[in-house]
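Student: Sharing a model that was predicted from the sequence below.
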Amino acid sequence: MAWTTPKTWSAGETLTAANFNTHIRDNLNAIGARFHVRKTTDTAITSDATLNDDPHLLFAVAASEVWAFNALIKFNDASAGAADIQMTFTVPAGATGFWACLSGDTAYVQPVSTAFAGVITRAGNTAESVLLLQGLVVNAGTAGNLTFQWAQQASNAAALTVRTNSYLIGEKLA
């Protein structure tokens with residue numbers, strides 16, 4: 001469906017289904033579905049190298065949908081790099097796609113792509129580190145969530161923390 005310039009309504013005008021369908025429903029469909037989620041609190045882990053679902057950074061993907069997504073992950077490695085971070089995304093059963101990890105830090109210049117079964121690791125430091133993630137998920141017949149997972153790369157008693165205001169944005173392509 002194409003975008004239609006929204007109607008300017010007049011006082012006392014009778015609203016019809018055709019008006020709502022053309023100027024509201026069809027325009028929302030033309031824009032496409034978008035999903036935004038922001039971490040509202042820090043999440044810290046210690047002594048844990050097992051990937052865990054982030055409690056905030058996820059969104060639903062229905063059967064047969066295609067989504068592009070972007071994430072900004074701000075984290076702090078209190079061990080000064082001994083624990084580092086490992087991360088991946090989980091997707092519904094049968095989904096395919098790819099994602100890449102980018103960063104402005106010179107240590108992360110090379111983009112890394114992987115199937116969803118893969119895990120990417122990155123060094124952290126006691127100062128805040130930021131990672132930019134982008135990807136695409138092509139879902140099959142099973143609905144579920146696209147979920148950011150992360151853990152320490154090596155179990156360490158010093159906390160690895162994914163910070164408040166990290167975010168995940170999804171845009172439905174089909």
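Tutor: Good, I have the coordinates. Numbers count the residues shown, from 1 in each chain.
Student: Could you look up the SS state of the residue nearest the centre of the chain?
Tutor: Centroid-nearest residue in the chain, with Cα atoms, centre = their mean: Leu168, separated by 3.3 Å. Of the three states, Leu168 takes strand according to DSSP: H, G, I helix; E, B strand; the rest coil.
Student: longest strand of the protein?
Tutor: Longest strand of the chain, by residue count under DSSP state E: strand 66-77.
Student: With only the CA atoms kept, save the longest helix anywhere in the chain in PDB.
Tutor: The residue-count maximum for a helix in the chain (DSSP state H) belongs to helix 26-31. Provided in PDB are the C-alpha atoms of helix 26-31 (Å, rounded to 0.1, in the frame of the first residue of the first chain):
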ATOM      1  CA  ASP A  26      -3.400   2.100   5.100                       C
ATOM      2  CA  ASN A  27      -0.800   4.800   6.100                       C
ATOM      3  CA  LEU A  28       0.200   2.800   9.200                       C
ATOM      4  CA  ASN A  29       0.600  -0.300   7.000                       C
ATOM      5  CA  ALA A  30       2.700   1.800   4.500                       C
ATOM      6  CA  ILE A  31       5.000   2.900   7.300                       C
END
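Student: Pull out the buried positions in it.
Tutor: For helix 26-31, a neighbour-count test (16 or more other Cβ atoms under 10 Å) marks Asn27 as buried. For glycine as for every other residue, the C-beta is placed from the backbone atoms N, C-alpha and C.
Student: C-terminal to that helix, what's the next element?
Tutor: Downstream of helix 26-31, the first helix or strand assigned by DSSP states H and E is strand 34-38.
Student: Describe which strands that following strand pairs with in its sheet and in which direction.
Tutor: Here strand 34-38 is paired, per DSSP bridges, with strand 167-172 (antiparallel).
Student: The strand it pairs with versus strand 66-77: what angle between them?
Tutor: With axes from the mean of the first three to the mean of the last three Cα atoms, to 10 degrees applied, the angle from strand 167-172 to strand 66-77 works out at 170 degrees.
Student: picking up where we left off before, quick one: average confidence on the longest helix of the chain?
Tutor: The average pLDDT for helix 26-31 rounds to 75.
Student: Then stretch 156-166?
Tutor: Taken as a whole, stretch 156-166 has an average pLDDT of 93.
Student: what does that stretch rub up against?
Tutor: With contact meaning Cβ atoms under 8 Å, 6 or more residues apart in numbering, stretch 156-166 is reached by 38-47, 54, 56-57, 71-80, 82-85, 124, 128, 150-152.
Student: Return the members of those classed as buried.
Tutor: Buried members of these, scored by 16+ other Cβ under 10 Å, are 39, 43, 45, 54, 56-57, 71, 73-79, 82-85, 124, 150-152.
Student: Low-confidence regions, the protein specifically.
Tutor: Within the chain, the ranges that satisfy pLDDT under 70 run 1, 80-83, 103-118, 124-126.
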